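>>> Fold the stuff below for me.
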Amino acid sequence: MADDQQLWGYPEVAAHLGISVRAARSRKSRDTLPEPDDTRVPDRPRWRPATLQGWQPVGRGFRSDLHGTAQPDGTASG
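Predicted structure coming up:
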């Protein structure tokens, strides 16, 4: 499978976000992850890396101050 068609499951999503697989599953069940790109296999959603690479989690527990969120003037916060 070509890199541009690679799909990530919960373990890869969790590693990318720095959370546990259990937390990734929980976020999916609460609709706080982007919609999966592939849902052909029940209970095994898959995401393209590009879907998650530009995505910013929001909501309770997300510490934007730890991720160097950029300000409108281009400087980093924190």
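>>> Mind listing what's buried along the worst-scoring helix or strand of the chain on mean pLDDT?
In the chain, no helix or strand scores lower on mean pLDDT, DSSP states H and E than helix 49-53, which sits at a mean of 91. Within helix 49-53, the residues scored as buried using 16 or more other Cβ atoms under 10 Å are 51-52. (Glycine included, C-beta is placed from N, CA and C.)
>>> buried sites along the strand or helix carrying A15?
Per DSSP states H and E, A15 falls inside helix 10-17. Buried residues in helix 10-17, counted by 16+ other Cβ under 10 Å: 10, 12-14, 17.
>>> Next one: T39 from E12, what distance?
Here T39 is placed at a distance of 16 Å from E12 (Cβ to Cβ, to the nearest Å).
>>> ok, now Q56?
Note on Q56: its distance to E12, by Cβ to Cβ, is 18 Å.
>>> Could you do S26 as well?
Distance of S26 to E12, given as Cβ to Cβ: 16 Å.
>>> Same question for R48.
Taken as Cβ to Cβ, the span from R48 to E12 is 11 Å.
>>> One more: T51?
T51 sits at a distance of 12 Å from E12 (criterion: Cβ to Cβ).
>>> Return the member of the buried residues of helix 10-17 nearest to D31.
When these are compared for distance to D31 (Cβ to Cβ), V13 wins out at 14.4 Å.
>>> show me where pLDDT drops low in this protein?
Scanning the chain for pLDDT under 70 picks out 1-4, 58-78.
>>> which other residues reach the helix or strand that comes right after the helix holding A15?
Note on helix 10-17: by DSSP H and E, the next helix or strand toward the C-terminus is helix 21-29. Contact with helix 21-29 is made by 10-11, 13-14, 17, 19, 33, 36, 45, 57, as judged by Cβ atoms under 8 Å, 6 or more residues apart in numbering.
>>> R46 contacts P34, doesn't it?
No. Taking contacts as Cβ atoms under 8 Å, R46 lies outside contact range of P34: 11.8 Å.
>>> now for the least confident helix or strand of the chain, which elements pack on it?
On a contact count with 3 or more Cβ pairs under 8 Å, 6 or more residues apart in numbering; DSSP states H and E, helix 49-53 meets helix 10-17.
>>> how about the CA coordinates for the helix it packs on, as CSV?
What follows is helix 10-17, C-alpha atoms only, in CSV (Å, rounded to 0.1, in the frame of the first residue of the first chain):
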residue,chain,number,x,y,z
TYR,A,10,-6.5,3.1,17.0
PRO,A,11,-2.9,2.3,18.0
GLU,A,12,-1.4,4.7,15.4
VAL,A,13,-4.0,7.4,16.2
ALA,A,14,-3.3,7.1,19.9
ALA,A,15,0.5,7.3,19.3
HIS,A,16,0.1,10.3,17.1
LEU,A,17,-2.0,12.1,19.7
